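> Mind looking at a prediction? Sequence and model below.
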Amino acid sequence: MMTVLECIEARKSIRSFEAREIEAEKLDKVLEAGRLAPSASNRQTWKFIVVQNENLRNKMIEACSNQEFVGEAPAILVVCAESHLMRCQQDAATIDASISLSFMMLEAQEQGLGTCWIGAFYEEKVRKLLKVPTEYQIVALTPIGYPAETGNKHLRKDRSEIVSYDSFR
């Protein structure tokens, strides 16, 4: 079993998937990771939509800026949340949904599944296809399935470039 940091280090964006269904137990663990994620004031206003229908997945390709690989995966996880401002004036929907999707992507990695964060989508097209009520913001989505590629390792900035102590430097 890998540590959380090992899982984070191993995770890569996957854009090619095997034509193989995801076992229900594995998908359940991924969804459970999202359910257990923290949220502002513990409101848990998110909704996770699992798109498995092949016809609907194919329609999602156009809604996702014609990224063909989105429909190639056996499932697409779509994360929505109700908007509300936190005291810091940031929208909790974006933050809460992003945290939950991050947790799900890490659990997917642990389960041997690949994902790719998708922010390049047309919200209204996705809303119409999946019948998402207007009070929910569609924050992000990911195709999920068994990787048919290893993915690319991206260089990360050195910690000294992004960390400061006691003030912004």
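Looks like it came in fine. Numbering: from 1, shown residues only.
> Give me the next element, helix or strand, following the longest strand seen in the chain.
Ranked by residue count and defined by DSSP state E, the top strand of the chain is strand 136-145. Under the assignment DSSP states H and E, the closest C-terminal helix or strand after strand 136-145 is helix 159-162.
> Give the other helices and strands that that next one contacts.
Helix 159-162 sits against no helix or strand, with contacts defined as 3 or more CB pairs under 8 Å, 6 or more residues apart in numbering; DSSP states H and E. Yep, even glycine has a C-beta here, placed from its N, CA and C like the rest.
> any idea of the mean pLDDT in that helix?
Averaging pLDDT along helix 159-162 yields 93.
> rewinding a little: how far off centre is the longest strand of the chain?
5 Å (CA atoms, centre = their mean, to the nearest Å).
> Please identify the buried residues of it?
Across strand 136-145, burial judged by 16 or more other CB atoms under 10 Å covers Tyr136, Gln137, Ile138, Val139, Ala140, Leu141, Thr142, Pro143, Ile144, Gly145.
> how about the second one, what does it touch?
So that's Gln137. Gln137 is in contact with Cys80, Ala81, Glu82, Ser83, Asp91, Ala93, Thr94, Ala97, Glu123, counting by CB atoms under 8 Å, 6 or more residues apart in numbering.
> Lovely, talk soon.
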